[in-house]
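Student: build the 3D model from these lines:
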Amino acid sequence: MKALCLAALSALAVGSHAFVVPNYATASEADGAFFLTATATAGRTYQVTISATQLTGLVGRTLTGMRWRMNGGIAAAWPPADVTYANWDIFIGPGVAPSTMSNTFALNFSAAATQVRTGPVAFTAGAFTVGGTPNAFGPAIMFDTGYLYSGGDLTIEMRFTNQVGTTTTPSFDAATAAGGPANGWGVDFAGRWIGNLAGTTGGNANFLATYFESSAANPTISGTVDLQDWTATLAGQMVRFEITAAGGGPVLQTTDTALDGTGAYSFGTSLSPGLYDIYAKGSHWLRRASFGVTLTGSGVSGLGYSLFNGDCDEDNEVAIGDYSLLSTAFGSSPGDPNWDPMTDLNGDDEVTIGDYAILSGNFGMIGD
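Tutor: Have a look, this model is predicted:
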């Protein structure tokens with residue numbers, strides 16, 4: 001649990017990917033204000049829903065924090081003295097359309113929400129500056145856990161304790177509920193609030209002009225691998241994945257990853273979205289490819305491989321060289337001078353007729 005204590009930062013110079021909702025508020029002020037925090041001991045709950053049409057620039061990115069700014073009609077920076085909050089929880093998840101937002105907070109998540117933050121928050125005196133048109137966005141409340149946004153309407157819920165250190169509450173720039181739908185409220189976004197951090201229902205709230213911190217999310221490639229004829233546990237078995245552009249070319253990424261007990265795997269990539277050929281090879285299994293795989297901003301899932309056994313010498317074919325290695329190791333087990341784990345094709349810790357049968361059945365096969 002770490003407190004946040006940051007100096008004021010310039011408006012769109014902060015972060016590496018400037019993104020503001022409402023989109024029109026990137027360089028212009030919204031039509032109103034909202035006093036987000038309060039000194040009342042009950043704290044507050046503030047929830048917003050955002051239409052996917054407002055979030056297109058964040059698809060495939062990981063949300064890492066949020067910033068707000070002072071309303072243009074405010075003459076002095078906020079806070080006038082250091083201010084703290086004992087706890088500030090944030091939840092994010094798939095949401096309902098703003099036009100159907102309910103007064104019941106729980107009904108505004110269309111699927112399970114992810115808690116991305118908990119713990120104290122602190123703002124130093126003067127952290128939210130004034131004098132700009134619009135004013136600069138202030139310090140960010142950063143998440144403990146990033147949220148990968150893959151598209152769709154989004155709901156964000158904050159539950160936080162009362163502020164301590166000053167009785168002056170922040171008048172943040174916001175789109176007013178009364179100004180909707182012309183200003184986007186009720187169509188592109190909507191909000192609810194209640195003066196209780198444990199509240200279950202609330203009333204209409206102005207929508208804070210919000211700068212989203214985000215980072216490029218590393219896409220994840222995942223699926224399962226079937227290591228044919230292997231009778232031992234799959235857990236810990238290493239598989240090498242190689243990625244090329246669709247149609248061939250140089251290897252763009254090589255990753256060695258361990259399977260779990262079900263044969264599942266998952267690894268990240270920094271490759272840009274596009275079409276790729278993705279190859280998988282186990283130690284004494286032939287390499288197999290998935291051709292023309294579409295890699296999106298979030299990656300690809302469900303990519304399955306079934307690998308043929310018998311490539312003892314790892315030359316990606318089952319041939320006489322593999323027979324030679326297996327013959328040399330025949331009858332051995334771990335600790336014997338002629339033991340070669342590459343010839344134990346079924347994983348039973350001995351090289352026997354069973355391994356010969358596997359090799360014979362796949363003799364002449366060549367991997368991709």
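
Student: quick check: which element contains Thr49?
Tutor: For Thr49, the host element (DSSP states H and E) is strand 44-50.

Student: residues in contact with the following helix or strand past that strand?
Tutor: Next in sequence after strand 44-50, counting helices and strands by DSSP H and E, comes strand 61-67. Strand 61-67 has contacts (CB atoms under 8 Å, 6 or more residues apart in numbering) with 9, 14, 17, 90, 92, 116, 137-143, 146-149, 156, 210-217, 297. Placement of C-beta: from N, CA and C, glycine included.

Student: out of those residues, which end up buried?
Tutor: Neighbour counting with 16 or more other CB atoms under 10 Å marks 9, 14, 90, 92, 116, 137-143, 146-149, 156, 210-214, 217, 297 as buried within the contacts of strand 61-67.

Student: just these: which are in helices?
Tutor: Judged by DSSP state H, the buried ones among the contacts of strand 61-67 include no members of helices.

Student: circling back: list the pairing partners of the strand holding Thr49 within its sheet, with orientation.
Tutor: strand 154-160 (antiparallel), strand 189-194 (antiparallel) (DSSP bridges).

Student: give me the contacts around the last one.
Tutor: Outside strand 189-194, the residues within contact range by CB under 8 Å, 6+ apart are 21-22, 44-51, 54, 98-99, 101, 103, 105, 108, 175, 177, 180, 185, 201-208.

Student: per-domain residue ranges of the protein.
Tutor: 20-216, 308-368 (automatic domain parsing).

Student: can you list those domains in JSON lines and add mean pLDDT?
Tutor: Output for the domains of the chain, formatted as JSON lines (pLDDT from 0 to 100):
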{"stretch": "domain 20-216", "mean pLDDT": "95"}
{"stretch": "domain 308-368", "mean pLDDT": "97"}
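
Student: list the contacts of the residue nearest the centre of the chain.
Tutor: Nearest residue to the geometric centre of the chain (CA atoms, centre = their mean): Leu148, 3.1 Å. Shown in contact with Leu148 (CB under 8 Å, 6+ apart): Gly60, Arg61, Thr62, Leu63, Ala217, Ser298.

Student: thinking again about what came up before, so which of the buried ones among the contacts of strand 61-67 sit within strands?
Tutor: Counted as lying in strands by DSSP state E, out of the buried ones among the contacts of strand 61-67, are 90, 92, 116, 141-143, 146-149, 156, 210-214.

Student: and which of these is nearest to Leu271?
Tutor: Set against Leu271, the nearest of those by CB to CB is Leu148 (16.3 Å).

Student: list the contacts for Gly126?
Tutor: Taking CB under 8 Å, 6+ apart as the test, what Gly126 contacts is Ala8, Ala77, Trp78, Pro79, Pro80.

Student: quick one, the strand holding Thr49 and strand 210-216 angle?
Tutor: If you take axes from the mean of the first three to the mean of the last three CA atoms, to 10 degrees, strand 44-50 sits at 70 degrees to strand 210-216.

Student: list the buried residues for stretch 290-301?
Tutor: In stretch 290-301, counting by 16+ other CB under 10 Å, buried: Ser290, Val293, Leu295, Gly297, Ser298, Gly299, Val300.

Student: could you identify the most distant pair in the residues you listed?
Tutor: Ser290 and Gly297 (18.9 Å).

Student: ok, back up a step: take the buried residues of stretch 290-301 and lay them out in JSON lines including secondary structure.
Tutor: Shown next, in JSON lines, are these (DSSP: H, G, I helix; E, B strand; the rest coil):
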{"residue": "Ser290", "secondary structure": "strand"}
{"residue": "Val293", "secondary structure": "strand"}
{"residue": "Leu295", "secondary structure": "strand"}
{"residue": "Gly297", "secondary structure": "coil"}
{"residue": "Ser298", "secondary structure": "coil"}
{"residue": "Gly299", "secondary structure": "strand"}
{"residue": "Val300", "secondary structure": "strand"}
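
Student: so which of those residues comes closest to Thr343?
Tutor: Nearest to Thr343 among the buried residues of stretch 290-301 is Ser290, at 28.1 Å by CB to CB.

Student: which residues touch that closest one?
Tutor: Contacts of Ser290 (CB under 8 Å, 6+ apart): Asp277, Ile278, Tyr279, Ala280, Leu303, Tyr305.
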